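# have a look; sequence and predicted model below, questions after that.
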Amino acid sequence: MRVSFNVNGEDVTADDVWPGESLLYVLRERLGLPGSKNACEQGECGSCTVYFDDVTACSCMIAAGQAQGRRVRTVEGLSQGRGAERELSTVQEAFVEAGAVQCGFCTPGLVVQTDDLLERTVGAGLPAPDDAQIREALAGNLCRCTGYEKIIEAVHLAAGRRSGGGA
Amino acid sequence: MAATIRTVTDLASTTEDGVGASPRRPDGTLKVTGEFAYSSDLWMEDMLWGATLRSPHPHAEILGIDITEAVKVPGVHAVLTHEDVPGEKRYGLEHRDQPVLAFGKVRYEGEPVAVVAADHPETARRAMERIRVDYGVLEPVVDSRRAALDPDCPRVHEEGTLPENPEHNPRGNRLRYQPIRTGAFSEVAGSQERERRVLERLRAEADVVVSSEYEVGMQDQAFLGPESGMAVPAEDGGVDLYVATQWLHVDQRQIAPALGLPQEKVRLTLAGVGGAFGAREDLSMQIHACLLALRTGRPVKFVYDREESFYGHVHRHPARMRYEHGARSDGTLLYATAEIIVDGGAYASATPAVVGVASSLGIGPYEVPHVLLDAYGVYTNNPPCGAMRGFGAVQACFAYESQMDRLAEELGVHPVDLRIKNAMSQGSRIITGQEIDMPLPMAEMLRICRDLPMPPAREDLADPSDPRILPGGVAGTTRGEGVVRGVGYGLGLKNLCFSEGFDDYSTARVRLEVSGGEPVVLVHTAAAEVGQGLVTVKGQIARTELGVEKVVIAPSDTQVGSAGSSSASRQSYMTGGAVKVACASVRAEVFSLARERGLVPDDLPDTDLSLVGGKLVSATAGALVSLVDLLGEASDGGTVVERTREYHHRPTEMLDPRLGQGASHTQFGMCVHRAVVDVDVELGLVKVVALDAVQDVGRILHPQQLLGQIQGGSAQGLGLALMEEIQVRDGRIRNPSFTDYLIPTILDTPPMRIEVLEHPDPHSPYGLRGAGEPPTLSSTPAIVAAVRAATGRALTHAPVRPEDIVGIEL
C-alpha cells in the first residue's frame, strides 16, 4: 500500500508498504530516518518515541496505515540543519553537556519525551518540573546505562535554560 | 566528590580537555540528533534481510530438515543449514563447542537451526514457517546441582565435543571444577573424610556459626540496541562485516574458520553499539550474516527483535550456593566453606573463566584463616550463560555479604563494624594466596559510607503520603500503612582486566601531523566503544601526552591490532595504556627530531622536555619550538610521526587445580554501597529511597563519565536485587520481553550519591583502576540487606520477590 504523511514539516510518501509494518519501520527503513530506535518494538522502552500530531507516542505501536495524513515529528526534526551547520535544541544540548548520553540508544526517545515535558511546563508558562514530575514524565523511557541520574540533571539544565529565555 | 588523595605526580597540564577533565563525548552530538549509525541503522540499496529459525525445544535430536518449500517463497534468496557451513561447524569463545547451525542435536530452546535471506523481514519470516524440522524430543538436563555432582546425570554433550580439552569434562557435564583450600583445609585436601574432621574441629572452636543456601537468578544484560549488523560480500571473495560487538578480533578469529576463509578476508568494522554489558562477547548473527552474504552476493542485514534477543545472547549465570562461616565471639572470622554452582547452560561461552572469578573471590575481601571452597560450572539444557558485568563475582558477593549480615546479627554488632573487623587491606592475601599489592582502603570506605547523610525520614517530608514516594507508586497501593524503612550495606571485590594467565593486551596507532595549520593527533584502535565513553578517554590521554588539543578518533576496525574486549572493566587500563605508550613513543620521536635540527640545547635531557599547548617546551628553558614549525604542514611534505604500540599488563597465573592457589588477577577494585528502602511489608513492594556508594578508582580520568558508570552499574545491581530474573522452567524462557522481564525505570531508581576515592595503583597507567563492574556487585546485597532489615525475613534469593517478603509460597 501507499502511505503519505508529514514528517518534520515535509510531506512524504512511502510505496509498497506491507500492511503489517509499523510507523517505526517506515521511518527507519523506507524514509531514511533511523533516529527513532528499535530497542523493544513492543511499546515498553520508549526508544522510538515521536510526536504523532502533537502527542508523544511509541512509533512501534502505530501501524503504518494509521499515519496516513498525520503529522509526525521525530528526533531528527528537533535540531536545525545538519552536519557542521547543525544547531542542537536546548534539550539535545543539555543531554550532551550533562553526560546523560552513554550508549545513546535510549537518547532519541528521551530527548523527544523531555521536549514534550518542557513544552507542557516551562513552554506553557508553568514552573520548571521538579524531580517527581520529571520521573513521572520519563517513566516510559528505559535506559540501561546511566541509572537516570544524569538524565534528570540534563532535564533540569534544559528546563532552566528554556525558562530563562533559551530556545 | 570526596577529597582526593593523590600520590602520583599531578599530571594536569595546560592542554584543555586532558586526563582529569570532563570534555564532551565526541559521539554525543550525533547520538542526540539521531544521526549516530548503530548496527541496526545500516542500510544499503540492494540489501537483504536475514532471519534465524530457532529450536522450539531445549533438547532434541534433529531427525531431518527440509527446506524445499521455504526456498520457493517469492523474495527468498537463500536458506542455509549446517550443511552450508563451508568451514568449521563449531565456534566458541573459550571452547569450540557451539554449532554455527545445529546438527545432530539441539541443546537449548532458541538454538539456531537455519538462516534465511529475503527481500523483506516478513518474507523471511514466512519462509521460516515453511522449513520443516523433524525433532526427536529428549528430556532436558535442567538441574545444575545434579549436573555438577551426580555422575549418573545424562550428558548434555557427547564424548568428543570438546576434542581439544577432553580432561575438562571428566564427569560429563562439568565445564570446570575449581577447589580452593587454605589453612587447615589445605593440609588435608583431597580427602573428604579428613576435610570433614577439620571442619568439625573448627565448628567446635567457633563461638558463632551461620550457614545458608543462596540463589541468584538468571539476569539479562538487556542492552537496548538489539543484536544486529550487516555483512557485505567483497570482490576478493572475502566479506566486510559491520557489527556491534565487544571485541572485533575475537569475532574475526571465530568467524573466519567457519567461513573457510583466511582471517584477512574477514574484515570487521565496529558499527554503533547500543550497550553491551557482556552480552556481546559471544557471537550472535555474525557468522550467519557472512554466510548469507557470501552465498547471495548481496549485503545481508540482521536485526533481532527483543524476544529473539533474549534467545540470541548469553545471560548472567544463575547460581546456587551453600555457605558456612564460623567466627569468634569478638567477630573475628575463623573459617568459611562454600559450594558455588553456576549454570553455564548448553554451551561453554565464558563459563570456565566465570568459575575462576567466582572461586577466587568467593569469600570476598575478608581475612579468613581456613577456607574450603568448591566452585563448579556446568553444562545443562538451560539457556547458555556467559559474560555479564561482574562476571561470577556478583553471585558470590550476594552470598558472602548476606553471610556477613547474618553473622553481625548473631553477634549483635553493626554490620559495618563486623566488616571493618575482618577487612582486607593492602598486603592482605586473598584465598588464592595472591597478595593485594595495591591500596585497598576498605575500612576507610566503609566508614565514609556509613557516615554519608541519610535521606530524610518519610514523616519529615512535606507530604508523607504522596504516592510517588511510596512503594507501589501512583498505583496507590498504600498511603503509608504497612510501610517500614530498612538500611543495608554491601561491598564487593572485583578483579579488573583479564585473569588466569591470559596474555591480555591492546594495540594503539597514534599519528601526529600538522594539518590545516594546526597539529592534529589521530588515534586508531580496535577497541569497542559500547557506551562507556572510551572514545572520550582516548582523546583525553592523547591531549595530555602530546599537548595537542585537536584529536581525531578513527573508527574501530580490524585494520589495526587487537584491543582486547570491552569487558572486565579493562579498556581505560588496557587501551588507555596502549594510547599512552604509543603517544610516548611519538613524543620521543618529536624530541629526537627537534634535537636533530638543533632546536634543543645539548645539556637538556628528555626528562626536561614535554609537549604542551602545541609546543615543545623545556621546564628550564621555556618554549623551544611549535609543532607547526617543527613538523611542517603534512600536505606540503611535512613530517608525519606515527607509532603503533602494544600494551600488556603484568602476567598472571592459572589457579592450581588442587588447592586453587595462584596470583590469577591483575588488579582489584572495590565499591561499598548503602541502601535505604521503604518496604510495604503487607504487599511485598519495595521503594528504594537512596542508594549511595563509595568507590576507589585509583585515578579519575573523566569525572562525569565515571559517575555515569558507577550510577549505571548500581542501577543494574538494583535490578538484580528486586526485579530482574529470566524465568526458566524445564529449559524454557517464560518471559522473553520487556513486558515480563522488568529492568529499572526512572521511577524505580533512587537518587545516588557517589563518593570517589583516588588511591593510585602503582602498576597501572595514571594509577587508574577499572571502574565499571564493582558497583554492580555491591548494590545488590546492600539493597537486599535493607529489605531484610525492614522485614526480618531471611531473603536468600536474588531478586527478592514480593512473595518472599510477605512469606507466601507460590
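Good, I have the coordinates. Computed from a predicted structure; not experimentally measured.
# how about the strands of chain A, start to end?
Under the criterion DSSP state E, chain A contains strands at A:3-7, A:10-14, A:49-52, A:55-58, A:71-73.
# residue A:16: neighbour count?
Other residues near residue A:16 number 9, with proximity taken as other Cβ atoms under 10 Å in any protein chain shown. In this view, the C-beta of every residue, glycine as well, is placed from N, C-alpha and C.
# kindly apply the preceding question to residue B:369 instead.
Counted with other Cβ under 10 Å, residues neighbouring residue B:369 total 14.
# next, the contact list for the closest residue in space to residue B:802 that isn't next to it in sequence, please.
Closest residue in space to residue B:802, ignoring its immediate chain neighbours: residue B:684 at 2.9 Å, by Cβ to Cβ, 6 or more residues apart in numbering or on different chains. Listed by Cβ atoms under 8 Å, 6 or more residues apart in numbering or on different chains, the contact partners of residue B:684 are B:801-806.
# again with residue B:549
Listed by Cβ under 8 Å, 6+ apart, the contact set of residue B:549 reads B:15-17, B:543, B:614.
# would JSON lines of the strands of chain A with distance to residue B:349, mean neighbour count and mean pLDDT be doable?
As requested, the strands of chain A are exported to JSON lines (distance: least, Cβ to Cβ, whole Å; neighbours: other Cβ atoms under 10 Å in any protein chain shown; pLDDT from 0 to 100):
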{"stretch": "strand A:3-7", "distance to residue B:349": "42", "mean neighbour count": "19", "mean pLDDT": "98"}
{"stretch": "strand A:10-14", "distance to residue B:349": "41", "mean neighbour count": "13", "mean pLDDT": "98"}
{"stretch": "strand A:49-52", "distance to residue B:349": "34", "mean neighbour count": "25", "mean pLDDT": "98"}
{"stretch": "strand A:55-58", "distance to residue B:349": "33", "mean neighbour count": "18", "mean pLDDT": "98"}
{"stretch": "strand A:71-73", "distance to residue B:349": "42", "mean neighbour count": "19", "mean pLDDT": "98"}
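# turn these into CSV, columns for distance to chain B.
Putting the strands of chain A into CSV (distance: least, Cβ to the nearest Cβ, whole Å) gives the following:
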stretch, distance to chain B
strand A:3-7, 12
strand A:10-14, 13
strand A:49-52, 11
strand A:55-58, 12
strand A:71-73, 12
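# among those strands, which is nearest residue B:259?
Ranking those by their distance to residue B:259 (criterion: Cβ to Cβ) puts strand A:10-14 first, at 35.8 Å.
# narrow the contacts of residue B:684 to just the buried residues.
Judged by neighbour count, with 16 or more other Cβ atoms under 10 Å in any protein chain shown as the criterion, the buried members of the contacts of residue B:684 are B:801, B:804-805.
# remind me which residues of the chain are low pLDDT?
Picked chain A for this. By pLDDT under 70, the weakly predicted segments of chain A are A:83-84, A:165-167.
# looking at chain B here, not the other one
When residues are selected by pLDDT under 70, those of chain B lie in B:1-14, B:160-171.
# in it, which helix is the longest?
Across chain B, the helix with the greatest residue count (assigned by DSSP state H) is helix B:571-596.
# how distant is that helix from the center of its chain?
Mean-position distance between helix B:571-596 and its chain equals 29 Å (Cα atoms, centre = their mean, to the nearest Å).
# quick one: buried residues of it?
Going by neighbour count (16+ other Cβ under 10 Å), the buried part of helix B:571-596 is B:571-583, B:585-587, B:590-591, B:593-594.
# so which elements touch it?
If contacts are counted by 3 or more Cβ pairs under 8 Å, 6 or more residues apart in numbering or on different chains; DSSP states H and E, helix B:571-596 sits against strand B:505-515, helix B:534-546, strand B:609-612, strand B:615-618, helix B:627-631, strand B:641-648.
# parallel or antiparallel, list what pairs with the next helix or strand after the second one.
Think helix B:534-546. Moving toward the C-terminus from helix B:534-546, the next helix or strand (DSSP states H and E) is strand B:550-553. The sheet places strand B:550-553 alongside strand B:518-524 (parallel), with pairing taken from DSSP bridges.
# separation between the spatially most central residue of chain A and residue B:759?
The structure's chain A has its C-alpha centroid closest to residue A:112; by Cα atoms, centre = their mean the separation is 2.5 Å. Distance check for residue A:112 against residue B:759: by Cβ to Cβ, to the nearest Å, it reads 43 Å.
# cool, and residue A:47?
The span separating residue A:47 from residue B:759 equals 39 Å under the rule Cβ to Cβ.
# for the stretch 401-550 of chain B, which residues are neighbours of chain A?
By the rule Cβ under 8 Å from any Cβ of the partner chain, the part of the stretch 401-550 of chain B lying against chain A is B:466, B:468-469, B:474, B:530-533.
# give me the most central residue, chain B.
The geometric centre of chain B, computed from its C-alpha atoms, lies nearest to residue B:389 (Cα atoms, centre = their mean), at 3.0 Å.
# element containing that one?
Using DSSP H and E, residue B:389 sits within no helix or strand.
# how about residue B:302?
Assigned by DSSP H and E, residue B:302 belongs to strand B:300-303.
# tell me the contacts of the nearest residue to residue B:275 once chain neighbours are set aside?
Leaving aside its chain neighbours, residue B:275 sits nearest to residue B:223 (3.2 Å; criterion: Cβ to Cβ, 6+ apart). Residues counted as contacts of residue B:223 (Cβ under 8 Å, 6+ apart) are A:103, A:105, A:144, B:274-277, B:279-280.
# could these go into a markdown table alongside distance to residue B:122?
Formatted as a markdown table, those follow (distance: Cβ to Cβ, whole Å):
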| residue | distance to residue B:122 |
| --- | --- |
| A:103 | 28 |
| A:105 | 24 |
| A:144 | 29 |
| B:274 | 24 |
| B:275 | 27 |
| B:276 | 29 |
| B:277 | 31 |
| B:279 | 27 |
| B:280 | 27 |
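# so where do the helices sit in chain A?
Across chain A, reading from the start of the chain, the helices by DSSP H fall at A:23-25, A:90-98, A:107-120, A:131-137, A:149-163.
# TSV for the ones you listed, including distance to residue A:40?
Conversion of those to TSV gives the following (distance: least, Cβ to Cβ, whole Å):
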stretch	distance to residue A:40
helix A:23-25	11
helix A:90-98	21
helix A:107-120	11
helix A:131-137	19
helix A:149-163	18
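# where do the domain boundaries of chain A fall?
Dividing chain A into domains by automatic domain parsing, as the record does, gives the ranges A:3-78, A:83-162.
# among those domains, show me which one is buried the most.
Highest mean neighbour count among the domains of chain A (mean count of other Cβ atoms under 10 Å in any protein chain shown): domain A:83-162, with a mean of 22.
# does that one come close to chain B?
Yes - under the criterion of Cβ under 8 Å from any Cβ, domain A:83-162 makes contact with chain B via A:86, A:88, A:92-93, A:95-99, A:101-108, A:111, A:131-132, A:134-136, A:138-152.
# and that domain, how far out from the chain's middle?
Mean-position distance between domain A:83-162 and its chain equals 10 Å (Cα atoms, centre = their mean).
# try stretch B:28-43
Here the centre of mass of C-alpha atoms in stretch B:28-43, compared against the chain's by Cα atoms, centre = their mean, lies 24 Å away.
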